[in-house]
Each structure stands twice: as structure tokens, then as C-alpha cells.
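Student: Curious how this folds, go ahead:
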Amino acid sequence: MNNTRKQLDRAQRESILGWGLILPAATIIGLLVLYPIIYNIYLSFFDTSLSGNNTFIGLRNYENVLFDPEFWKAVWTTLIYVVFTTVGTTVFGLIVALVMNKEFPLRGLVRSLLLLPYVAPVISVVFAWKFIFDPVNGLFMDLTVEKLGIFTERFNLIGTPSAAIWVTIIFSIWRNFPFTYLMILSRLQAIDKNLYEAADIDGCGGWSKFRFITLPEVYFVVGSIVLLRVIWNFNKFEDIFLLADNVEVLSVYTYFKAFTGSMEMGQGSSLAVIQFVLLIGFIIYYVKKVLKW
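Tutor: This next block holds a predicted model:
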């Protein structure tokens, strides 16, 4: 009886100690993450002003957003951006990882150089790309107009929203593929080489080995990368805004709505809540149906 009581007292002390150890971290997370989310949801039900006088208007902010044609245009632009950047980054990263998994001279140096787009400061690479597509002195226009004759006259490619979206997509793929390549490469190097030797004995070709050995082995890593890339691309702001602020994905549209013009903070908050709900819904579906967690 005494031993049982001592064990219970010890378990209680360990439980109290455990809660005491995680309480500081939980408090910080609550202040830095949960509080802004809760306060943003709170603001979405008010007509806000810079003076601090907020008027409760219920769901009117959500109604104004959902009936705004610009919102649905931003949703479509975001969908295009997220799908093409996620697919492009994943496929390109997989191809590079497969190449970098082979033995060749100076492989270590090449592997290091491939990380430069990901680790370089975003402001520097953005302005380099803007210079490349400059309509007057840019390399792209000089090549396509003067050298190859693809276009008859120079024009501002980034200044045209219908074209600028594809520039931002290519930029995102170029900038973010190193992360995908690095994660997949680490998994490729952990695959048992005996599997490939057995496949060689059975007479399997390169495509069969990729389909039945490599792809199943990297499936979970690729699936996780796709999930992360969708989350990051859905919330992407700085790359798009700095390179082409006329490409109004939801993050840029929310910024313009909340912090420029009439500064409709309430509608900006409701936009953020809508994006949060959409992203949470996608994450739950993807985790259950694709990752099978």
C-alpha cells in the first residue's frame, strides 16, 4: 500500500515537473503565435480605425470580401502560383537530386554551389532578376529582341500582370529548388544499395529501378516537401511583392487591402482568417489522404 502511494506521489511530482518545464515555452508560443491569431479573428468582426475606435459589424467584412471580384481574382492567381511553383520546385529538385547522387568530379563543389539561390539574400537576387528583365537594358530583352528576334520590340515583361505571374513562378522554382533537392538527396543516400544490385541481377532497367525502388523510398519525403511548399507558397509575400507587386496573390492582396488606400484593417483581418481556414482544411485533407497519417 505504501509502495503504491509512493509511486503515485512520484508520478505526480514528475507530472508537475514536466508541466513546469514546458510552461515557459508554451507561454512564449501562446504569446507569439496564438495571441496574434485570436486577435486577428477578433478584428475581423469590427470596422477598425487608426484612432482605435472599433465598431462591431458582425460578418459584414466577410461579406464584403467574398462579394469582391478582386478577391476571387486573387484566389485564382494564388492557385496558379501555388500549383506551378510547388510542382516545378518538387520535380526540378528531384531531378537535380538524382543527378547529384551520381559520382562525378567536383561533385561536392557543385552541390555547394546549387545552394546559393536558397541562401542568398532575397533582396539581392530579386533586384538581379529585375535587372535581367529590364525593358531597356535587360539581358532578356536584348537576347529575345536583338539576338534571336523572338519579339519585334522591347516591352516590360514584369510590368504586365499576365506575364509577371510566370516570371514570379520561375523565380520561385529557381530560388527554392535547393531545399527540395537537399531533402531528397539525403533520403537517396540512405537507400540500401543492395536493392539496386538485386534489381540489376533481375535485369531491371533504369526506369524500372526508379519506379519500383527509388520512388517508393522517397515518397514520404516528397509528400512532406509538397505539403511544406504548399504552405510556404500560399503564404509567400516578400518574393512576389519585391519582384512584381502587380501580381496580386492573396498575401499581396491582403497587404494592399489592410495597409494601403483606405486601410481597411477589418477586411484585411477577415482575408487572413479565410486564408488560415483554407490552409488548415488543405493540410488536414492532405495529411489524411496523401501522407496517410
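
Student: so how far is residue 274 from residue 79?
Tutor: Applying Cβ to Cβ, to the nearest Å, the value for residue 79 to residue 274 is 14 Å. C-beta here means a position set from N, CA and C on the backbone, and glycine is covered the same way.

Student: So for those two, which residue has more residues nearby?
Tutor: residue 274 (18 against 13; other Cβ atoms under 10 Å).

Student: That one reaches residue 62, doesn't it?
Tutor: Yes - contact criterion Cβ atoms under 8 Å: residue 274 and residue 62 qualify, at 7.4 Å.

Student: Which stretches in the stretch 51-200 of the chain count as helices?
Tutor: In the stretch 51-200 of the chain, the helices defined using DSSP state H, counting those that start in this stretch lie at 60-66, 69-100, 107-113, 116-119, 122-132, 139-141, 161-188, 193-201.

Student: JSON lines please, covering the ones you listed and showing mean pLDDT.
Tutor: Formatted as JSON lines, the helices of the stretch 51-200 of the chain follow (pLDDT from 0 to 100):
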{"stretch": "helix 60-66", "mean pLDDT": "89"}
{"stretch": "helix 69-100", "mean pLDDT": "93"}
{"stretch": "helix 107-113", "mean pLDDT": "87"}
{"stretch": "helix 116-119", "mean pLDDT": "89"}
{"stretch": "helix 122-132", "mean pLDDT": "89"}
{"stretch": "helix 139-141", "mean pLDDT": "84"}
{"stretch": "helix 161-188", "mean pLDDT": "91"}
{"stretch": "helix 193-201", "mean pLDDT": "85"}
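
Student: May I have the residues that are in contact with residue 129?
Tutor: With contact set as Cβ atoms under 8 Å, 6 or more residues apart in numbering, residue 129 has these partners: 167, 171, 243.

Student: no, scratch that, I was asking about residue 94
Tutor: Residue 94 makes contact with 180-181, 184, 218, 222, according to Cβ under 8 Å, 6+ apart.

Student: Let's have those in JSON lines, adding neighbour count and distance to residue 270.
Tutor: As requested, the contacts of residue 94 are exported to JSON lines (neighbours: other Cβ atoms under 10 Å; distance: Cβ to Cβ, whole Å):
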{"residue": "180", "neighbour count": "27", "distance to residue 270": "33"}
{"residue": "181", "neighbour count": "26", "distance to residue 270": "38"}
{"residue": "184", "neighbour count": "24", "distance to residue 270": "38"}
{"residue": "218", "neighbour count": "23", "distance to residue 270": "40"}
{"residue": "222", "neighbour count": "20", "distance to residue 270": "35"}
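
Student: quick revisit: tell me the one of the contacts of residue 129 nearest residue 213?
Tutor: residue 171 (33.8 Å; Cβ to Cβ).

Student: Do I have it right that residue 114 meets residue 100?
Tutor: Yes - counting by Cβ under 8 Å, residue 100 is a contact partner of residue 114 at 7.3 Å.

Student: anything in contact with each of the two?
Tutor: With contacts taken as Cβ under 8 Å, 6+ apart, the residues that reach both residue 114 and residue 100 are residue 181.

Student: if we can go back for a sec, tell me which of the helices of the stretch 51-200 of the chain lies nearest to residue 226.
Tutor: Of all the helices of the stretch 51-200 of the chain, helix 69-100 comes closest under Cβ to Cβ, at 5.8 Å.

Student: how about the closest one: buried residues?
Tutor: Of the residues in helix 69-100, 71, 74-75, 77-78, 81-82, 84-86, 88-90, 92-94, 96-98, 100 count as buried by neighbour count, 16 or more other Cβ atoms under 10 Å.

Student: quick one: contacts for residue 138?
Tutor: Per Cβ under 8 Å, 6+ apart, neighbours of residue 138: 131-132.

Student: Any figure for the gap between it and residue 273?
Tutor: Using Cβ to Cβ, residue 138 is found at 40 Å from residue 273.

Student: centroid residue for the chain?
Tutor: Centroid-nearest residue in the chain, with Cα atoms, centre = their mean: residue 232, separated by 1.9 Å.

Student: just to revisit the earlier point, using JSON lines, lay out the contacts of residue 94 together with distance to residue 284.
Tutor: Listed next are the contacts of residue 94 as JSON lines, based on distance: Cβ to Cβ, whole Å:
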{"residue": "180", "distance to residue 284": "23"}
{"residue": "181", "distance to residue 284": "28"}
{"residue": "184", "distance to residue 284": "25"}
{"residue": "218", "distance to residue 284": "24"}
{"residue": "222", "distance to residue 284": "20"}
